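K.L.:
Got a predicted structure plus its sequence, pasted below:
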Amino acid sequence: MTGIDFVGYEVLIEFIEERRLYELEGDIIEIGSFMGGGTAKLARYAARYGKKAYAVDVFDITRDTTPGADGTPMCDVYQAFLEGRSQAEVYAETIKGLDNVVTIAGDSRGVRLPEGQAFMFGFIDGNHQPEYVTNDFYLVWRCLVPGGAVAFHDYGCELPEVTAAIDGLVERHRDEIENVEEIREKHIILLTRKRKAARE
């Protein structure tokens, strides 16, 4: 069994398509790939425009101990879905044959992206601890081209610390954000970066 898309990545691809983000410079990045189902969808889409899909994951589900509303740690939720299988092996099987996937295996807090790397879209669904949410935002935002967008999963649901961390980031970077859009049924929030102001 290969990886499942637990998010519904079609809404992300629809967002990119409707706003023609594919016309911008840069690739796609995903932080938190889990079983690779969404990674594969993003990669297939990116390939249509000659772009790459970067995937950052530590591939150690025990690292995310963030408790859900009922107190169950996220790592236990992940383990239930894996049913004893190796996350890394399921992921590798899922993305097999997709030669535009760039997998970066490691803790996102220690990841260093290639010099000059640019992204037109990023999706953050990694470790749900607030310090990771903040770190992962900056990892993407520093490389996000004007007019590009970054999306977060688990906004406005049973992980209130995630929502609070995102709200704080939106407030701190309000002057750099052109638009904020929430897809409530998918618990996704998308932030579009302002395009460069025209010279006066």
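P.N.:
Perfect, thanks for sending it.
K.L.:
residues near the closest residue to residue 118 other than its chain neighbours, how many?
P.N.:
What sits nearest to residue 118 in space, not counting adjacent residues and going by C-beta to C-beta, 6 or more residues apart in numbering, is residue 26, at 3.5 Å. Where you see a C-beta, it was placed from the backbone N, CA and C, and this is true even at glycine. Residue 26: 19 surrounding residues under other C-beta atoms under 10 Å.
K.L.:
again with the one 10 residues further on
P.N.:
Neighbour count of residue 36, defined by other C-beta under 10 Å: 28.
K.L.:
I'd like to know the phi and psi angles of the residue nearest to residue 118, please.
P.N.:
Residue 26 adopts backbone torsions of phi 110, psi 170, taken as degrees, to the nearest 10.
K.L.:
Tell me which residues touch it, please.
P.N.:
51, 117, 118, 119, 120, 121, 143, 144, 145, 148 (C-beta atoms under 8 Å, 6 or more residues apart in numbering).
K.L.:
Would you mind measuring from it to residue 126?
P.N.:
Distance of residue 26 to residue 126, computed by C-beta to C-beta, to the nearest Å: 20 Å.
K.L.:
Also residue 175?
P.N.:
26 Å.
K.L.:
between those two, which one's more packed in?
P.N.:
Here residue 175 and residue 126 are set side by side on neighbour count (other C-beta under 10 Å), and the busier one is residue 126, at 26 against 6.
K.L.:
Leaving out sequence neighbours, find the closest residue to that one.
P.N.:
Spatially, and ignoring its direct neighbours in sequence, residue 126 is nearest to residue 32 (3.2 Å; C-beta to C-beta, 6+ apart).
K.L.:
dump the residue contacts of that neighbour.
P.N.:
56, 57, 124, 125, 126, 127, 136, 153.
K.L.:
rerun that using 7 Å as the cut-off
P.N.:
Residue 32 makes contact with 57, 124, 125, 126, according to C-beta atoms under 7 Å, 6 or more residues apart in numbering.
K.L.:
Tell me the one among the residues you listed nearest to residue 4.
P.N.:
Nearest to residue 4 among these is residue 125, at 13.5 Å by C-beta to C-beta.
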